[in-house]
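> Just a sequence and a predicted model for now, questions to come.
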Amino acid sequence: GEAFTALQDQAVREVWGEWSLGVARFKTAMTERWNNITKDPRRPRITGMQESASLVIAPISWPEVSLSYARDSSSSALEPTGVLPQRSLSDTLEAALLYKRPRWEARFLSSYSLNSDRLRPNEKTIGLTYAISGLYRPTDTLTIVPSLSLHEDQRRLSGVQIETPSASVTFTYSPSAAFRLTVFGSYSKTQSSDGLVDYNLYRMASALTWTCHETTKLRTILSFNASYTSSLDVVQVSRSTEDISGLLRVQVAGL
């Protein structure tokens, strides 16, 4: 519903299966999701279905190799008068290489996708993604997770190409099981070859969780989340936005 949850006004159900044979693992999954839980007549309900399959080969003392395929479709229903229906389909093929060491990890990823509008058969977009991410633990209490990526979209009908480079870093500090602090920052820029899109997005967020009181029968957890988001639209400055939010939560639970 519309409560203070991680996924507001959304529902998800999933079924999956996984098989292992030596150094190989095979997994399939099917996920259905939808919004507008209360069937608000003023807006449509968007329903999506994702079917995926992945193969992971992880030999001992060698990098882990994975190959996956996913098909994601979405459609609208309960459209109010004057709201056009939506029908989309996306097929994605992804390959990744993962190196693991006791103190660090590095992952290289490349993917190819074909996105289409089923109501407009000629509207197809080819997407390419290249990404590298890492994980570094300089101490037992601190974890650093950086990432860099480049996403390219090419629209077949118009030939317009859109590039989105992005970078992010996450710091997690947890000196004990009762205290955890996470700080996140990211930047991305979206720019099109025809000059009609030039968009910058900045995000910063922090989350603090502290178990301030715990007995054999009762646990009290204090958490505080804060975020800042700024978007700058160079082409249409009036569309630029800035948002600051915070949430303080006190949870008292019996054990």
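Nice, thanks for sending it over.
> ok now stretch 55-75, how far from the chain's centre?
From the chain centre to the centre of stretch 55-75 is a distance of 17 Å (Cα atoms, centre = their mean, to the nearest Å).
> Just the residues contacting that stretch, thanks.
With Cβ atoms under 8 Å, 6 or more residues apart in numbering as the test, stretch 55-75 has contacts from 23-27, 46-54, 85-100. Heads up, the C-betas are built off the backbone N, CA and C, glycines and all.
> where exactly do the helices run in the protein?
All residues of the chain lie outside helices when identified by DSSP state H.
> where does it dip in pLDDT?
Filtered on pLDDT under 70, the chain yields the residue ranges 1-7, 255.
> Try it again at 50.
For the chain, residues meeting the criterion pLDDT under 50 lie at 1, 4.
> re earlier: among the contacts of stretch 55-75, name the buried ones.
By the neighbour-count criterion of 16 or more other Cβ atoms under 10 Å, the contacts of stretch 55-75 include these buried positions: 25, 27, 46-48, 50, 52, 54, 86, 88, 90, 92, 94, 96, 98.
> gap between the spatially most distant residue from the centre of the chain and Gly254?
Counting by Cα atoms, centre = their mean, the extreme residue of the chain relative to its mean C-alpha position is Thr216, 37.4 Å from that point. Distance of Thr216 to Gly254, computed by Cβ to Cβ, to the nearest Å: 10 Å.
> Kindly report the same for Thr28.
Counting by Cβ to Cβ, the gap between Thr28 and Gly254 amounts to 39 Å.
> Those two: who's more crowded?
The neighbour comparison of Thr28 against Gly254 (other Cβ atoms under 10 Å) goes to Thr28, with 13 against 6.
> tell me the contacts of the residue lying closest to that one once chain neighbours are set aside?
Sequence neighbours aside, Ala53 is the residue nearest to Thr28 in space, at 4.8 Å (criterion: Cβ to Cβ, 6 or more residues apart in numbering). Neighbour list for Ala53: 26-29, 68-70 [criterion: Cβ under 8 Å, 6+ apart].
> who's in contact with Ser147?
Counting by Cβ under 8 Å, 6+ apart, Ser147 touches 131-134, 167-169.
> Export those residues to JSON lines and append columns for neighbour count.
Shown next, in JSON lines, are the contacts of Ser147 (neighbours: other Cβ atoms under 10 Å):
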{"residue": "Ala131", "neighbour count": "17"}
{"residue": "Ile132", "neighbour count": "14"}
{"residue": "Ser133", "neighbour count": "17"}
{"residue": "Gly134", "neighbour count": "15"}
{"residue": "Ala167", "neighbour count": "13"}
{"residue": "Ser168", "neighbour count": "16"}
{"residue": "Val169", "neighbour count": "15"}
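> Report how many residues lie close to Ser74.
Around Ser74 there are 17 other residues, counting by other Cβ under 10 Å.
> For Arg155, see how far away it is.
19 Å.
> Also Glu163?
Noted for Glu163: a distance of 13 Å to Arg155, by Cβ to Cβ.
> cool, Phe224 as well?
With distances taken as Cβ to Cβ, Phe224 is found 43 Å from Arg155.
> Walking through the stretch 101-250 of the chain, point out its strands one by one.
Along the stretch 101-250 of the chain, the stretches classed as strands by DSSP state E, counting those that start in this stretch are 104-117, 120-136, 142-155, 161-176, 179-192, 198-214, 218-233, 241-254.
> wait, which of those is closest to Asn36?
The minimum distance between Asn36 and these falls on strand 104-117, with 21.0 Å, by Cβ to Cβ.
> partner strands of that closest one, parallel or antiparallel?
The partner list of strand 104-117 in its sheet, established with DSSP bridges, is strand 87-100 (antiparallel), strand 120-136 (antiparallel).
> For burial, what's the neighbour tally of the nearest residue to Glu94 once chain neighbours are set aside?
Using Cβ to Cβ, 6+ apart and skipping residues adjacent in sequence, the residue nearest Glu94 is Ser111, 4.0 Å away. When neighbours are defined as other Cβ under 10 Å, Ser111 has 17 of them.
> Perfect, I'm done here.
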